[in-house]
Structure formats: structure tokens, C-alpha cells
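Engineer: Structure here, sequence nowhere to be found:
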């Protein structure tokens, strides 16, 4: 340990967070006590875990507890624990910096709107910093279990928020004491009844006793271990806020005791909003894992598949060993069974929500729908259950809202229709405006409009739903001849345009696999489709943008012979090859593709337009 007092500077992000919290969270200032008690409870859990391998860490003090006291004369409030404590390096790392993946994304997400920012700050986890909502000076004295050296940390906001001091200290027992020197106007926090009401409101579920004097203020028992009949909705909500570091109530939750070959308790929550780092692949969240009510680890991601990474909660196993590690979790059949059980429970909860509260499920889908779609490919054993939960935009309403289920689609299918039709594109407007939809619009046949990148992955893994295959409107044959009222294209009609098709294929050369008369088009002159077993244009563009190798394939050009431009084409015309190239380029642009030679396209188009104006 350094032998003298040092003055150090906060990380820039800490200074920004302190400023935001003081201004954004003051209307909900009492949460500071919840956060400090939560930190103290975590310290007790960590000591229990470390003591499994080294019982001497308990020293002569095995009863873990949290003490709250106040001094009216000094205007101080103290939260003390006898948990694992911190070394000097840990103090600097845990308090002086934000050592968390996604910090940059977090601050980029802030808007300046205090209400919205307060929600984000809650998701990021305010922890110790929340002390400064009510205190202008904070002193922390801590001693790491197993060490005799203590450290004092102090920050005085009246002298500016940029610095703090660290120095050696004396402390008889292990653990951490946080002393808040309250701001003017915070005198209600120096009243015993006020403090007790805050503890009971926010921290009644903490399994460590919270003491004021000789009285235990909270229930001091694991909430998930209590009978459901004894737990109020308010207690469930406050427990979620504790484990989820969230200021908002969860959307839904499920609490169950599972008995059989494995025995475990699960308390699983669906948040109301997606965390800012949901798409950060390096920031993996998971459930809190306990073994026989002994805390083992945070973020045990092996207890849920990746597509349910938004779920928060607790799993308490009666069978896993107390010394279980992340490596053991990866290889354990018991953990596989727990993961499967948790996944099925979450999907059942979502199915129940979708059936009983469409508005609430719509809110879930807006926040987490793209993540849930990943499960179609990642979790084949639950593919059917996930498919029922999927929601899409479609031509039925024509809006961007994803509120159409596959069951809804089946209920609106035309007589004789045996396929579920969809189109994929990079944006909703590109999907809605795709020329491939024209015949479907004319016939009143619904088409799903897919514009998330994950949708290509989804349809590659979801080949059918309740016996009806999913078919792209931009690939292969459509099978519209089976639908009542549709007349199949006659062979002699195709033969009528043989010279045109041969000429177009000759002019386009190796740019196309084939040229055909289109069944899809009613308004546009041309479109591109993929052959039945070739890669689609949208997927090819996504893979190329991601730096992936794209399998070699050529599109098929379909033309609408009833369109005025196509009807005027003559294979012997000197401008025929230029018109053929224009039909191809227009079709490529219409489906969201990029031209290899944009300047050449503009030049050829201008030349053709000029030729039409000449006598």
C-alpha cells in the first residue's frame, strides 16, 4: 500500500455520470440507499463465495450483516457492512473509473431529457455514485478480507467533482463503511422512521439482515425462496429493480420451483425496455446463480440461450456444486437441463402475455423482437414455440408496425393458397415498394414485409409454419395458379415473346442466368429474381457488406411484356442493347441493389432519353 495520502482524478466518464445523476435522479433521490445496501449485500455474497475455498476469510465474524446509522449533530449517514471489502487498487478501479464494456455507447444514448436519461442511468447501474445525489462529501473506509491494511477514500463535491483522495486508514474489521455528509435540505434522512421506510420499500428482499441499532429492518430472507402467496407485486417489482439495475417496473415475471431430476427455483423477469448495450456482443448478461441460496456468480449466461439475453432474474439450484465455475457451467448436463427449463418458462410467459395482453406484448416486441428472432435458428427444439411469438409488418395494413403473427396470416389466406409469402429488403419502404409484390397486390394476397437484417437468418431457418411453407416472392416459382381465380400463363403466350427473351439474354450476356416473362409484374417493366436454390439478392448484399464470401450466382431477369417500354422493344433496333441494360439496372435499383457503374447508368439513360426526343 502507498504510505501517504494521494489526490487522484476521476475518469472523464465518472465526472459526466456524477453530473447527470445529481440533476436527473434527484426526483427519485431515495434510491441512493437502495444502491448502497445492494452493494453491501453483493460484498457479503462475494465473501461467502470466496470463503468456500478459504474459511479463514471470515476471521472471527461469521454473521454477515449491514448496519445503518446516523449522527444528527454531524449530519452524517453511514452504511456499513462486514462483507469482502476492497484493497486500495480495487477502490481506485471500482470507484475512480467505470470499468465496463459499452461505456461509450451509454453516453451516446443520453439525450438531455432528464426522464429518459434517468432510465438509461438506471440501466447502466449507478451503485456507489448515487451517494452524491444527497451528499456533498462522501468518505469510504474499507479493509479487504484476509488483509490487515485498510484504505480511506474521500471526495468533496464542494471542492469540485474532478478529484478524490486515497490514503491508508485504520479499521478493526473487514468490510466497508460509507459515510455520507448530507447536503443542506436532506434532514429527513436523519430520522429513523424515514430510513426504515426506505429500507422496507426498496430492500426488504435483501437476504442479508439490515440493522438499525438492534432491530432488523428487512425480512432478511431470499425473496425467491418464499412462497409466491407471501410475495406482493410491489416486492417482486422492487426485487427486479435491485437485480436488473433498472428504475422501471418489469413487463412481466414468472416464479417457479422445479422438482424432478434437477431441483431449482427460477425467478425470471422480462424488462420493459431494452438495455443500451443489448447488441454489444462483448457485454453478455445472464441470470444470477445461487446454489442452495449461496451466491455463486453474476451474469451466468449459460443459464439461458443467447436469444433470451434480455431476461433478468435468479436461478437457485439445489444440485450444482458450490465450487461451480463458468467452465463447469459450459459442460454440465445439469446446467443444460436448467437452461432448457428456463427457456421454456420464458417462452410460455411470452405466449401468455401475447394471448392476454396484446398491447403489452406489442411493447415487448418493439424492444426485443429482433433478438427473439435469433432463436429460430439458435434453438431448434423450441422453434415452433418461437414461431408463434413472431410478429411482422405485412401488406395487410401496409404500415411499419410489426403486429401480424403467422397465425393471423394463416387466418387470412385465400382459398387454395398453400404458401406463406414474404419479401426481404434493407428497409421497410424498399420492401413495401418492391415490384415483386405487384401481382399479390392485384390479387389481394397478403405478403409479409421483412426488413431487419436478422430476417434473412430467420427465413433460412423457418421453412414452414403449421405445414405451410414460407416462400419468397423474389425466388423461383410462386405457385399462384393454385389460388382461386388465378389463370396460369399459357405456353403459347410465352412463345409469343420468344424473340424478345432471346434478344434480351443475348444483350445482357453473363449478367443474367435467364430472361423470362413475369407472372409477378403488373406495373413495372422488369424485376430480378433468384433461382429456386440460389442466394437471394438481399442476403447477398448483407453478406458482402459484412465482408463474407458470397456464393457465385446470377439473377434471372423477368420482364412485363404488357408494359409500354417492353412492348416497344424490337431485337433488331440499334438501341436494343442499351434498353436491355436499362431494364436490368432499373430492376437492380428497385430491389435495393447497387450499380457497378452509376455514372455509366446515368449516361446511358440520358442518351436513350435524348434519342426519344429526336424526330
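Structural biologist: Thanks, I have it. No experiment lies behind these values; they were computed from the predicted model shown.

Engineer: Who are the contact partners of the closest residue to residue 50 other than its chain neighbours?
Structural biologist: Excluding the flanking residues, the one nearest residue 50 by CB to CB, 6 or more residues apart in numbering is residue 57, at 5.7 Å. Where you see a C-beta, it was placed from the backbone N, CA and C, and this is true even at glycine. Residue 57 sits next to 47, 50, 51, 84, 145, 146, 174 when contact means CB atoms under 8 Å, 6 or more residues apart in numbering.

Engineer: rerun at 10 Å
Structural biologist: 47, 48, 50, 51, 84, 85, 144, 145, 146, 147, 174 (CB atoms under 10 Å, 6 or more residues apart in numbering).

Engineer: do you know how far it is from residue 517?
Structural biologist: Distance of residue 57 to residue 517, computed by CB to CB, to the nearest Å: 80 Å.

Engineer: Helix, strand, or coil at the residue nearest to residue 50?
Structural biologist: The local conformation at residue 57, judged by DSSP: H, G, I helix; E, B strand; the rest coil, is helix.

Engineer: what does the model give it for pLDDT?
Structural biologist: For residue 57, the model assigns a pLDDT of 95.

Engineer: residues of stretch 395-405 that come out buried?
Structural biologist: The neighbour-count check on stretch 395-405 (16 or more other CB atoms under 10 Å) flags 395, 396, 402, 403, 404, 405 as buried.

Engineer: So which helix or strand of the protein has the lowest pLDDT on average?
Structural biologist: Ranked by mean pLDDT, DSSP states H and E, the helix or strand of the chain with the weakest confidence is helix 114-124, at a mean of 50.

Engineer: Let me know the average pLDDT across stretch 183-199.
Structural biologist: Here stretch 183-199 scores 94 as its mean pLDDT.

Engineer: hey, where'd the strands end up in the stretch 301-450 of the chain?
Structural biologist: Assigned by DSSP state E, counting those that start in this stretch, the stretch 301-450 of the chain shows strands spanning 312-317, 393-394, 420-424, 448-450.

Engineer: Next, the distance between the ends of stretch 370-382.
Structural biologist: 17 Å (CA to CA, to the nearest Å).

Engineer: is it true that residue 453 touches residue 279?
Structural biologist: No - assessed by CB atoms under 10 Å, residue 453 is found out of contact with residue 279, at 11.2 Å.

Engineer: can you list residues touching both of the two?
Structural biologist: residue 370.

Engineer: More neighbours: these two, which one.
Structural biologist: Neighbour totals were compared for residue 453 and residue 279, and residue 453 leads with 15 against 12 (other CB atoms under 10 Å).

Engineer: For the more buried one, what are phi and psi?
Structural biologist: Taking degrees, to the nearest 10, you get phi -60, psi -30 for the backbone angles of residue 453.

Engineer: what's the pLDDT at it?
Structural biologist: For residue 453, pLDDT reads 87.

Engineer: I'd like the distance between it and residue 400.
Structural biologist: Remark: distance between residue 453 and residue 400 (CB to CB) = 16 Å.

Engineer: do the same with residue 335
Structural biologist: Distance, residue 335 to residue 400, by CB to CB: 40 Å.

Engineer: Can you show me the helices along the stretch 201-350 of the chain?
Structural biologist: Here the stretch 201-350 of the chain has its helices, by DSSP state H, counting those that start in this stretch, at 233-244, 326-331, 333-356.

Engineer: Would you pull up how far the second one lies from the middle of the chain?
Structural biologist: Looking back up the chat, that one is helix 326-331. 24 Å (CA atoms, centre = their mean, to the nearest Å).

Engineer: go on, the first one?
Structural biologist: Relative to the centre of its chain, helix 233-244 is centred 20 Å away, using CA atoms, centre = their mean.

Engineer: Counting neighbours, which bits of it end up buried?
Structural biologist: Buried-residue list, helix 233-244, by 16+ other CB under 10 Å: 235, 236, 237, 238, 239, 240, 241, 242, 243, 244.

Engineer: With distance to residue 463 and pLDDT as extra columns, can I get the residues you listed in CSV?
Structural biologist: Below are the buried residues of helix 233-244 laid out as CSV (distance: CB to CB, whole Å; pLDDT from 0 to 100):
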residue, distance to residue 463, pLDDT
235, 45, 92
236, 39, 95
237, 41, 93
238, 45, 89
239, 41, 91
240, 37, 92
241, 42, 87
242, 43, 83
243, 38, 84
244, 36, 84
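
Engineer: Could you list the domains of the protein?
Structural biologist: Domains of the chain are assigned by automatic domain parsing as 6-214, 229-367, 393-482, 491-613.

Engineer: First-to-last residue distance for the third one?
Structural biologist: Domain 393-482 has an end-to-end distance of 25 Å (CA to CA).

Engineer: nearest to residue 385, of the domains of the chain?
Structural biologist: Smallest distance to residue 385 across the domains of the chain (CB to CB): 4.7 Å, for domain 229-367.

Engineer: most centrally placed residue in this protein?
Structural biologist: Centroid-nearest residue in the chain: residue 278, 3.6 Å away (criterion: CA atoms, centre = their mean).

Engineer: Quick one: mean pLDDT over the helix or strand where residue 18 lies.
Structural biologist: Using DSSP states H and E, residue 18 sits in helix 12-24. Averaging pLDDT along helix 12-24 gives 69.

Engineer: Please apply the same query to stretch 389-399.
Structural biologist: Stretch 389-399 shows a mean pLDDT of 94.

Engineer: how far does it sit from the chain's center?
Structural biologist: 21 Å.

Engineer: what's the first-to-last distance across it?
Structural biologist: End-to-end distance for stretch 389-399: 19 Å, by CA to CA.

Engineer: quick one: low-confidence parts of the stretch 1-150 of the chain?
Structural biologist: For the stretch 1-150 of the chain, the stretches flagged by pLDDT under 70 are 1-3, 11, 13-14, 20-21, 23-27, 96-126.

Engineer: Which residue ranges of it form helices?
Structural biologist: Going by DSSP H, counting those that start in this stretch, the stretch 1-150 of the chain shows helices at 12-24, 31-51, 88-91, 103-109, 114-124.

Engineer: that older thread, which of the helices of the stretch 201-350 of the chain comes out lowest on mean pLDDT?
Structural biologist: Across those, helix 326-331 gives the lowest mean pLDDT, at a mean of 74.

Engineer: same question for whichever strand or helix holds residue 577, mean pLDDT?
Structural biologist: Per DSSP H and E, residue 577 falls inside helix 576-590. Per-residue pLDDT values over helix 576-590 give a mean of 90.

Engineer: what's the answer for stretch 264-283, then?
Structural biologist: Average pLDDT, stretch 264-283: 82.

Engineer: Span of stretch 176-192 from start to end?
Structural biologist: Counting by CA to CA, you get 22 Å between the two ends of stretch 176-192.

Engineer: Check stretch 245-263 too.
Structural biologist: One end of stretch 245-263 to the other measures 28 Å (CA to CA).

Engineer: same check, this time on stretch 4-17
Structural biologist: 29 Å.

Engineer: Might you quantify the distance of it from its chain's geometric centre?
Structural biologist: Taking CA atoms, centre = their mean, one finds the center of stretch 4-17 at 32 Å from the center of the full chain.

Engineer: Correct me if wrong: residue 288 contacts residue 316.
Structural biologist: Yes - the criterion here is CB under 10 Å, and residue 288 meets it with residue 316 at 8.8 Å.

Engineer: which one of these two has more residues nearby?
Structural biologist: A direct count of neighbours by other CB under 10 Å for residue 288 and residue 316 places residue 316 higher, at 23 against 20.

Engineer: Can you name the residues bridging to that one?
Structural biologist: residue 265, residue 290 (DSSP bridges).

Engineer: which ones are touching it?
Structural biologist: Residues near residue 316 by CB under 10 Å, 6+ apart: 222, 224-225, 257, 263-267, 288-296.

Engineer: go with 7 Å
Structural biologist: 224, 225, 264, 265, 290, 293 (CB atoms under 7 Å, 6 or more residues apart in numbering).

Engineer: Which of these are buried? Put it as a ChimeraX command.
Structural biologist: The buried residues among the contacts of residue 316 can be selected in ChimeraX (16+ other CB under 10 Å) with this line:
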select :224,264,265,290
